[in-house]
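Asks: sharing a model prediction with you, sequence too.
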Amino acid sequence: MADTVQNAELEVFIPAPGENPDDPQDIEREEFLRMAQQLLDEGLDIVVYSTDSYPSAFTQCVPVADQIEISGADVLPILLVDGEVKVSYHYPDAEQLQRFSRARSVQQKKVSATAAGCGPVAAESAPPAKPSAPAGFAATLAGLSQNPSGAPDIGQRQNLMESVENQDEFSDEELSEVERRLSGAPASGGCGCGGCGCG
């Protein structure tokens, strides 16, 4: 089964000529536009929007509109890769654009259900699946008792909550023992862990 790689869609949102105070002669802007055109001619999937040519793109594209609302127009230029902001505040260079264009994940070619082991051909050769018993909340709804597995071994320690669930009233001695354990106070003599037998 062969994989195919699709190039990511690159969108660059740039300020109009003269709008970038860091580039008053638009030298960076013009260099970027030449480089973007060259990459486009080489087959790169790139679209450039300028505030003077496509002003609606800056309000209709939610990630760009959000960035401008938060940081102002100084955030431009912005590079989106498949709709996600990847670069802002400066023009991406050719190496970044080429790398981001290859960033899309490898997608497997679609195969027929038979070739993938599904459908009637696969069903004839595969053993039937055993139905699994419901677990967790589904088991509770089905009226089955829970059989938890993988719980830690707590040794000789007592589950204090179990007695709370099963009794309505406690003796004074039981309540004082629960309070002592919850407070971390040691039992008379010993370390207080209740499991080592020192007390």
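Replies: Received, thanks. Numbering: from 1, shown residues only.
Asks: low-confidence ranges in this structure?
Replies: Applying pLDDT under 70 to the chain flags the ranges 1-5, 104-142, 144-171, 174-176, 178-199.
Asks: give me the contact list for the helix ranked longest in it.
Replies: If you go by DSSP state H, the chain has its longest helix at helix 27-41. Contacts made with helix 27-41 from outside it, assessed by CB atoms under 8 Å, 6 or more residues apart in numbering, are listed as 12, 14-15, 17, 20, 22-23, 46, 48, 77, 91-94, 97-98. All C-beta spots, glycine's among them, are computed from the backbone N, C-alpha and C.
Asks: again, only this time at 10 Å
Replies: Outside helix 27-41, the residues that touch it by CB atoms under 10 Å, 6 or more residues apart in numbering are 10, 12, 14-20, 22-23, 26, 44-48, 50, 77, 90-94, 97-98, 101.
Asks: those, buried ones only, as a ChimeraX selection?
Replies: Selection of buried members from the contacts of helix 27-41 for ChimeraX, criterion 16 or more other CB atoms under 10 Å:
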select :10,12,14,15,19,20,23,26,44,46,48,50,77,91,92,97,101
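Asks: quick one: residues contacting Asp26.
Replies: By CB under 10 Å, 6+ apart, the residues touching Asp26 are Ile14, Pro15, Ala16, Pro17, Gly18, Glu19, Asn20, Phe32, Leu33.
Asks: what about it, distance to Glu69?
Replies: Using CB to CB, to the nearest Å, one obtains 25 Å as the distance from Asp26 to Glu69.
Asks: repeat that for Leu39.
Replies: Taking CB to CB as the measure, Leu39 and Glu69 are separated by 29 Å.
Asks: Glu28 now?
Replies: Going from Glu28 to Glu69 by CB to CB gives 24 Å.
Asks: of these two, who's got more company?
Replies: The residue with more neighbours, out of Glu28 and Glu69 and counting by other CB atoms under 10 Å, is Glu28; that gives 15 against 10.
Asks: ok, now how distant is the more buried one from Ile14?
Replies: The span separating Glu28 from Ile14 equals 10 Å under the rule CB to CB.
Asks: got any residues that touch both of these two?
Replies: Counting by CB under 10 Å, 6+ apart, the common neighbours of Glu28 and Ile14 are Asn20, Pro77, Tyr91.
Asks: enumerate every residue touching the last one.
Replies: Listed by CB under 10 Å, 6+ apart, the contact partners of Tyr91 are 12, 14, 20, 23, 28-29, 31-33, 35-36, 76-77, 79, 97.
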